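Student: This is a predicted model, with the sequence first.
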Amino acid sequence: MYETGWKRALVIALFLGPSLIGLGVFVLVPIASSLVLSFADWDLLNPPRFTGIANFRRLLADAEFWGALGNTVKYLVGYVPLVITLGLLIAVALNRRIPLRSFFRTTYFLPVVTSWVAVSLIWMWLYNPVFGLLNNFLGWLGIRGPAWLFDVNWAMPAVILTSVWKDLGFIMVILLAGLQGIPREYYEAAEIDGASGWQRLRFITVPLLVPSLFFAVMISLIGSFQVFDQVYIMTGGGPAGATQVLMERIVRNAFNYNRMGYAASMSWILFLFIFAISFVLNRLRRRWEW
Amino acid sequence: MVRRPAWLRPGTIFLLIALGIGALFMVVPFVWMVSTSLKPSNQVLSLPPQMIPESPTIAAYQNIFNRFPMARVLGNSALVASSSTLGQLLLCSMAGYAFARFRFRGREALFLLYLMTLMIPFAVTIIPLFIIIVNLGWANSYAGLIVPGMFSAFGTFLMRQFFQSIPRELEEAATIDGAGTIRTFFTIIVPLSGAPLATLGLLSFMGSWNNFLWPMLITNDRHLMTLPVALQALQGIYPGQNQWNLLMAGSVVAVIPIMIVFLFAQRWFIEGVASSGLKG
């Protein structure tokens, strides 16, 4: 740095100050307030009242909370394996020298750049039990399609299917970047040694792709715990609460029922889950890489 | 024996067919969106569904632009996304530069604080953030839509990584010539940072353009809504089944601009997503 003394301090403040103030006011202060709020009752009209751990005790006894947690897990169990498997298959396919490669890559990535609200509306229309494209296509195959978003058993699978469709390209790009980082010489050496295509996949591609796979799994798990837009637009948590998820409960409790403290305590439970997942996965990864 | 060209091998042909069917699944929903948006109201609910509208019309578009301030909404989305992106580029690159190059006490601790905020989900901060913005008098205002989106710990991290890879000699030469840090930064460093700035800029623009939850909470005035919020509002206004042409027209307005941006700047989008791998 060219400057010295107070001028130097001024330059540092100029570069870092705005960002730091923003981070403080819009991130750090909210984090601290949210923590305090989770031990209080606040309906926005009356002053906040400290209630200790009452919010958390109420949460444990709240059937709706457990239902939302259960549905979030249901979403995750359907979504993560599907999006990872399909994303991996497409990435492996597109990592080969085939014609139309960049066309396919663009096509699969297209939904990633679009708005969740628009995608939700499009799929609501596709899922329409009578006039929707999906059930008419199934009917043409001789299958009587369910009422999808209006059916207690099919609403969650429908939300999962839409989410997989939207995020597939994202996982594909992450894994494709990982695949392209594997040196070609490894494959050439294996080919000289007479390794079959399957063996090359099993003993070169998969082990060297582990870091990217871990990242893809982690980001889709963390995303699953925060699933919101598609649920809020497509089902609003219905039918009969079949798609109520954690994030949706937090938003409704805070901004529809004015239970600010209760919602804040729920958001910290959500944080704990995300933290635990990152922690466990990082541990696993370290063990794998040894 | 003549080796067949790669694309003629049976394995490759099978692969191409499988990829083609998959690609069809990706594209059909968008085609269906455009097709429905071009249908007159009385043909939306035709059975069997018609992929190609019998008598295409732009009536649905006229309808939403007349009955809803759609032009204004479109402008809002463009304004909000571009100004929060510009703000983010400026703030993240300056802070990232400070973390990469300046030596001052507490730098590492401060940077760790930035990284730690990446672990915190938006669910945790959203309630106090909402209350702060309302108390600043920024509810239903452009400031409320734009300003909170200008700060990004992830962007700061990304820019710092890049600046650390630039050789110091460049700046040292400028210092010898008597240029101050600010001038060095804007005339030497920024022009070198096209790639990371484009990557961060596109990620940020896309995020802001598609953002739903925050703008929905902070606006209820139709004249300040962004596209996703307006779409949700349209859904509330037209719950009837035969209004799908209007909702699909709205979706086209929300989806096509960002798709065009993507098609022209694909490389940076893809690199951006691949580089978000650093985020974990």
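Tutor: Thanks, I have it. Bear in mind that the values here come from a model prediction, so they are computed numbers and not experimental data.

Student: can you give me the helices for the stretch 101-250 of chain A?
Tutor: Counting by DSSP state H, counting those that start in this stretch, the segments of the stretch 101-250 of chain A that form helices are A:101-109, A:116-126, A:133-140, A:155-180, A:184-192, A:197-200, A:206-225, A:229-234, A:246-255.

Student: Counting neighbours, what do you get for B:Ile131?
Tutor: Neighbour count of B:Ile131, defined by other Cβ atoms under 10 Å in any protein chain shown: 17. C-beta here means a position set from N, CA and C on the backbone, and glycine is covered the same way.

Student: actually B:Leu129, sorry about that
Tutor: 23.

Student: Nearest residue to it in space, ignoring adjacent ones along the chain?
Tutor: A:Pro30 (4.7 Å; Cβ to Cβ, 6 or more residues apart in numbering or on different chains).

Student: Distance of the one you found relative to A:Tyr257?
Tutor: 20 Å (Cβ to Cβ, to the nearest Å).

Student: more crowded one of the two?
Tutor: A:Pro30 (24 against 12).

Student: A helix includes the more buried one, no?
Tutor: Yes - assessed by DSSP: H, G, I helix; E, B strand; the rest coil, A:Pro30 belongs to a helix.

Student: per-residue confidence for it?
Tutor: The score at A:Pro30 is 95. That number is its pLDDT.

Student: and what of B:Pro257?
Tutor: pLDDT, read off for B:Pro257, is 94.

Student: what does A:Asp43 give?
Tutor: pLDDT, A:Asp43: 87.

Student: check which helix or strand covers it.
Tutor: Using DSSP states H and E, A:Asp43 is not contained in any helix or strand.

Student: Can you report how many residues neighbour A:Phe39?
Tutor: Neighbours of A:Phe39 using other Cβ under 10 Å come to 18.

Student: so it makes contact with A:Gly261?
Tutor: Yes - using Cβ atoms under 8 Å, A:Phe39 is in contact with A:Gly261, at 7.4 Å.

Student: Please name the residues that touch residue 225.
Tutor: The chain I'm using is chain A. By Cβ atoms under 8 Å, 6 or more residues apart in numbering or on different chains, the contact list for A:Phe225 reads A:Thr72, A:Leu76, A:Leu246, A:Met247, A:Leu270, A:Phe273, A:Ile274, A:Ile277, B:Pro121.

Student: my bad, the chain I had in mind was chain B
Tutor: B:Val73, B:Asn76, B:Pro215, B:Thr219, B:Ala233.

Student: Please settle this for me: is A:Arg96 part of a strand?
Tutor: No - residue state for A:Arg96 (three-state DSSP) corresponds to coil; a strand is not indicated.

Student: So it sits against B:Gly11, correct?
Tutor: No - under the criterion of Cβ under 8 Å, A:Arg96 is not in contact with B:Gly11, lying 9.3 Å apart.

Student: Nearest residue to residue 233 in space, please, no chain neighbours.
Tutor: Because you didn't say which chain, this covers chain A. That would be A:Ser120: by Cβ to Cβ, 6+ apart, it lies 3.7 Å from A:Ile233.

Student: meant chain B, my bad for not saying
Tutor: Counting by Cβ to Cβ, 6+ apart, B:Ala233 lies nearest to B:Met225, which is 6.5 Å off, once chain neighbours are set aside.

Student: And that neighbour, how far from B:Ile132?
Tutor: 21 Å.

Student: Would you mind giving me the confidence score for the most centrally placed residue in chain B?
Tutor: Nearest to the mean C-alpha position of chain B, by Cα atoms, centre = their mean, lies B:Met206 at 0.8 Å. In this prediction, B:Met206 carries a pLDDT score of 93.

Student: how about low-confidence regions in chain B?
Tutor: B:1-8, B:239-242, B:276-280 (pLDDT under 70).

Student: By residue count, which helix of chain B is the longest?
Tutor: When chain B is parsed with DSSP state H, its longest helix is helix B:70-101.

Student: Neighbours of B:Arg103, how many?
Tutor: 8.

Student: Helix, strand, or coil at it?
Tutor: coil.

Student: Report the contact partners of residue 91.
Tutor: I'll assume chain A. A:Ile171, A:Met172, A:Val173, A:Leu175, A:Leu176, A:Gly178, A:Leu179.

Student: right idea, wrong chain: chain B
Tutor: B:Leu91 neighbours (Cβ under 8 Å, 6+ apart): A:Pro18, A:Ser19, A:Gly22, B:Met150, B:Phe151, B:Ser152, B:Gly155, B:Thr156.
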